[in-house]
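My questions are about this predicted structure, shown below with the sequence.
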Amino acid sequence: MYSSSGDGSIIEAAVAGFVYDLVDDDDTPDSLSGDDDDAAYSLAAIGNILATCDMPGKSQIDGIDRFVYCAEETLAMQDSINPGTSDYWFASRRPTTFSSFSVTSQGMDLSIVRRTWKYNLFNQGSLK
Ligand SMILES: [Ca+2]
Ligand SMILES: [Ca+2]
């Protein structure tokens, strides 16, 4: 799902692949046997993040980076470097960064969410 541009966070298909992997499970009809990742969250959880993620000056999520911060419940990745490009993750969104946010927690596993977006958006690491 990763784009050859190096930044799938601004590529619709890559973003769709990331969200799909968050919700698909062993029973999801697709060409795979089982689930190729460890995430199987509900669509309601995705919707709740979209509905409740709030950042200063932003009334709603306007990019997948902001969804990631709220799903992970940390802003750490906005100031971290993608070792594959030696630039910030979500570099296309810089220099806008946030000092705070609020979200109704959906209890997602940070390590699973992070693996899933790194693979789908930046072709880094693996889904499992
Ligand atoms: Ca999957
Ligand atoms: Ca999945």
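Yep, it's here. Ligands and ions are numbered 1, 2, ... in the order given.

got the residues of the chain near ligand 2?
Residues of the chain lying close to ligand 2 by C-beta under 5 Å from the ion are 21, 24, 35, 37, 39. Bear in mind the C-beta positions are built from the backbone N, C-alpha and C, glycine included.

Of those residues, which ones also sit close to ligand 1?
21, 24, 35, 37.

Closest one of the residues of the chain next to ligand 2 to I64?
Set against I64, the nearest of the residues of the chain next to ligand 2 by C-beta to C-beta is D21 (12.7 Å).

ok, is stretch 105-119 in contact with ligand 1 or not?
No - contact of stretch 105-119 with ligand 1 (C-beta under 5 Å from the ion) is absent, the minimum separation being 8.3 Å.

What are the contacting residues of that stretch?
2, 18, 21-22, 37-39, 41, 45, 48-49, 64, 68, 71-74, 77, 124-128 (C-beta atoms under 8 Å, 6 or more residues apart in numbering).

go on, stretch 34-51?
Applying C-beta under 8 Å, 6+ apart, the contact partners of stretch 34-51 are 19, 21-26, 28, 60-61, 67, 70-71, 103-104, 106, 108-109, 112-113, 115-116, 119, 127-128.

what do you get if the cut-off is 6 Å, keeping everything else the same?
With C-beta atoms under 6 Å, 6 or more residues apart in numbering as the test, stretch 34-51 has contacts from 21-26, 61, 70-71, 104, 106, 112, 116, 127.

do stretch 54-66 as well
Applying C-beta under 6 Å, 6+ apart, the contact partners of stretch 54-66 are 9, 15, 50, 53, 67, 90, 93, 98, 101-102.

List only buried entries from these.
Buried members of those, scored by 16 or more other C-beta atoms under 10 Å, are 9, 15, 53, 67, 90, 93, 101.
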